[in-house]
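**Q** Model the structure of this input:
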Amino acid sequence: MNDGTITLPWLVIRQDDNGNRYRVGRYATRAEAQKIADSLDSRGHKQLYWVERIGQNGSSSAD
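**A** Okay, here's the model as predicted:
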C-alpha cells in the first residue's frame, strides 16, 4: 500500500429476515461506520446492522 491509497477497513453489514447478509458500505473509521449502522437501525425495520473491520488479509471480523 502506498501513501496515495485510501483505506476503508470498516464495513457496515445488514442481515435481513431470512438470514441473508449484505455489505452496506465501507468506511474509513469505526465511528463513521457505527453512525451509519445506528442510523439505519433506528428506522425500525427487522433488519440487523453491525460493524466489522476488514483484516490485513481481506477477511472481516465482527466487532
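**Q** Point out where the chain drops to low pLDDT.
**A** By pLDDT under 70, the low-scoring segments of the chain are 1-4, 56-63.
**Q** at 90 instead, please
**A** Counting by pLDDT under 90, the ranges of the chain that qualify are 1-7, 17, 41-47, 55-63.
**Q** hey, where'd the helices end up in it?
**A** Assigned helices in the chain, in chain order: 30-41 (criterion: DSSP state H).
**Q** Tell me where it has strands.
**A** Across the chain, reading from the start of the chain, the strands by DSSP state E fall at 10-15, 21-27, 48-54, 60-62.
**Q** Comparing those strands, which comes out most buried?
**A** Comparing the strands of the chain on average neighbours per residue, with mean count of other C-beta atoms under 10 Å, the densest one is strand 10-15 at a mean of 19. Where C-beta positions appear, they are placed from N, C-alpha and C, glycine not excepted.
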